[in-house]
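Engineer: what's the 3D shape of this:
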Amino acid sequence: MDYLIALFLLIGSFFTLVGSIGLVKLPDFFMRLHGPTKATTLGVGAMLIASILYYFSHHDTVRLNEFLIVIFLFMTAPVSAHLMSKAALHKKNSKK
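Structural biologist: Numbers count the residues shown, from 1 in each chain. Predicted structure coming up:
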């Protein structure tokens with residue numbers, strides 16, 4: 001079980017790092033929007049799954065906190081990305 005937890009932590013760390021680098025390095029706002037909304041969300045989700053597995057295997061409990069965070073994260077990240085892109089498109093079209 002510890003190897004599975006470590007695997008999820010490594011996967012989560014990798015995707016969080018890729019999303020953060022994408023946020024810094026990509027040139028356009030719309031390109032930069034994909035870093036935190038896609039890769040970083042997946043990375044944080046994998047880390048939360050590792051936390052769920054850790055508490056389940058080492059403490060014999062299932063904590064509701066991590067499940068709520070995962071649900072909240074996967075519900076709010078796409079909505080906030082959509083709203084930011086719509087606002088940027090509206091601002092871009094109003095300048096013309």
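Engineer: phi, psi of Pro27?
Structural biologist: phi -80, psi -30 (degrees, to the nearest 10).
Engineer: In space, what's closest to the spatially most central residue of the chain - neighbours in sequence excluded?
Structural biologist: The centre of the chain sits closest to Thr41, judged by C-alpha atoms, centre = their mean, with a distance of 1.0 Å. In space, and not counting its chain neighbours, Thr41 is closest to Ala77: 4.5 Å by C-beta to C-beta, 6 or more residues apart in numbering. Yep, even glycine has a C-beta here, placed from its N, CA and C like the rest.
Engineer: is it true that the residue nearest to the centre of the chain touches Val79?
Structural biologist: No: counting by C-beta atoms under 8 Å, Thr41 stays clear of Val79, with 11.7 Å between them.
Engineer: List the contacts of whichever strand or helix holds the residue nearest to the centre of the chain.
Structural biologist: Thr41 is part of helix 40-58 when elements are defined by DSSP states H and E. For helix 40-58, contacts defined as C-beta atoms under 8 Å, 6 or more residues apart in numbering pick out 1-2, 4-6, 8-9, 11-20, 23, 61-63, 66-67, 69-70, 73-74, 77.
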